[in-house]
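Peer 1: how would this look folded up:
(2 chains)
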Amino acid sequence: MSLEPNEFMSKMVSRTGFSADDQKTLQAAAAWGLEIAPEMADYFYDYMGRDAEMSVILNESEGRIHRLRETFVSWFHEMFTGMDNWGNAYADRRWRIGLIHVRIGIGPQHVVPAMAVVVHEAGKRAKADGKDQQLCDALSKICMVDLAFIEQAYIEVSSAAVLKETGWSEGLFRRLVATGAAAM
Amino acid sequence: MAISTEKLTHILQSFVTSTTDIQGAAVVTPDGLPLAASLPGGMDEERVSAMSAAMLSLGDRIGSELARGGIDRIYVEGDKGYGILTSCGEDAVFLVLADKAAKQGLLLLEIKRTLGDLKAVLM
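Peer 2: The predicted model follows:
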């Protein structure tokens, strides 16, 4: 169950309807994206930090929150630039970001609501700055694509660990999950 | 040549009915899919198959990690009886359910004999 980032990216782009027009809209607003990125990082980490469990993780080592904030600013800006037009480099970086979330223990249950806060606050800021709705829609779509990478990273890493330790085949693992879920 | 499910089922049924204290048997793929089964009423064939394959591959993994070599069989002993899982080549797992009163020597001999029959059909 090893994920191929570029293939996953294509699927998510198709599922969210992230179009060439969305890409152009975001790229045209890249400077604005960079300008508001630190403010969005504040919203994101303020929200996360309000949770006691997350606060411990975010502040576990010296400078972690600072590094995470810096990563957030780059990540946020990259959603506007698309790096290589939302190609391989973009997908690989999203996959690595997902793996980092798994490694430090920031799960979907924390990231999903925090991402919703970012989408909401970015929307408010766009309105205040006179940006049109198309920009908010495009940003919302690419945020969902990125969020899917983080969620999928959790599934992939957990599954890979189980397969490695048990020797089960992927087919057997899926069957056990399906029968287990049916029994719940 | 296609695998004959009828032959597999016939071998299992014959094994279950002719061997003393055997309660059920099944042949499943390493992915946990049932190939043939003759199980006691109330047992879910799909679940039993997935569980059997999971146990045997986990046993293989444990055997390797704990330097026990290749695993011939996994033996589950409960206060109501036995569950014995035996590898049936690369493509199948043989599960046998036996009563607590089963004579183990006889049981293992019968399993060995039946394994030969099953392998002949599966090849």
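
Peer 1: tally of neighbours for the closest residue to B:Cys88 other than its chain neighbours?
Peer 2: Setting aside the residues directly before and after it, B:Cys88 is nearest to B:Phe94 in space (CB to CB, 6 or more residues apart in numbering or on different chains), at 4.4 Å. Every residue, glycine included, has its C-beta placed from N, CA and C. As a burial measure, B:Phe94 scores 25 neighbours (other CB atoms under 10 Å in any protein chain shown).

Peer 1: Now whatever helix or strand B:Phe94 lives in: buried residues?
Peer 2: Assigning secondary structure by DSSP states H and E places B:Phe94 in strand B:93-99. The neighbour-count criterion (16 or more other CB atoms under 10 Å in any protein chain shown) identifies B:93-98 as the buried residues of strand B:93-99.

Peer 1: Of all residues in chain B, which one is nearest the centre?
Peer 2: The centroid of chain B falls nearest to B:Leu95 when counting by CA atoms, centre = their mean (1.8 Å).

Peer 1: Any idea what it is bridged to?
Peer 2: Counting by DSSP bridges, B:Leu95 is bridged to B:Ala26, B:Leu85.

Peer 1: Which secondary structure elements does the worst-scoring helix or strand of chain A on mean pLDDT sit against?
Peer 2: Among the helices and strands of chain A, helix A:170-182 carries the lowest confidence by mean pLDDT, DSSP states H and E, at a mean of 86. Applying 3 or more CB pairs under 8 Å, 6 or more residues apart in numbering or on different chains; DSSP states H and E, one finds that helix A:170-182 contacts helix A:133-166, helix B:45-65.

Peer 1: and of those helices, who's closest to A:Met54?
Peer 2: With CB to CB, the closest approach to A:Met54 among the helices and strands packed on helix A:170-182 belongs to helix A:133-166: 14.2 Å.

Peer 1: so the closest one versus helix A:170-182, what angle?
Peer 2: In terms of direction (axes from the mean of the first three to the mean of the last three CA atoms, to 10 degrees), helix A:133-166 departs from helix A:170-182 by 110 degrees.

Peer 1: What residues of helix A:133-166 count as buried?
Peer 2: Residues of helix A:133-166 classed as buried: A:135-143, A:145-150, A:152-154, A:156-157, A:159, A:163, A:166 (neighbour count, 16+ other CB under 10 Å).

Peer 1: and the next element down the chain from the strand holding B:Phe94?
Peer 2: helix B:104-122.

Peer 1: so how far is that next one from its chain's centroid?
Peer 2: Relative to its parent chain, helix B:104-122 has a centroid offset of 9 Å by CA atoms, centre = their mean, to the nearest Å.

Peer 1: Return the list of helices and strands in contact with it.
Peer 2: helix B:5-18, strand B:22-28, strand B:81-87, strand B:93-99.

Peer 1: TSV please, covering these and showing mean pLDDT and distance to A:Asn59.
Peer 2: Converted to TSV, these look like this (pLDDT from 0 to 100; distance: least, CB to CB, whole Å):
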stretch	mean pLDDT	distance to A:Asn59
helix B:5-18	93	60
strand B:22-28	95	50
strand B:81-87	94	49
strand B:93-99	96	49
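
Peer 1: Could you export these as a markdown table, including distance to A:Ala181?
Peer 2: Output for those, formatted as a markdown table (distance: least, CB to CB, whole Å):
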| stretch | distance to A:Ala181 |
| --- | --- |
| helix B:5-18 | 28 |
| strand B:22-28 | 20 |
| strand B:81-87 | 24 |
| strand B:93-99 | 23 |
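
Peer 1: Figure out which of those is closest to A:Arg125.
Peer 2: strand B:22-28 (57.6 Å).

Peer 1: buried stuff in the closest one?
Peer 2: The neighbour-count criterion (16+ other CB under 10 Å) identifies B:22-28 as the buried residues of strand B:22-28.
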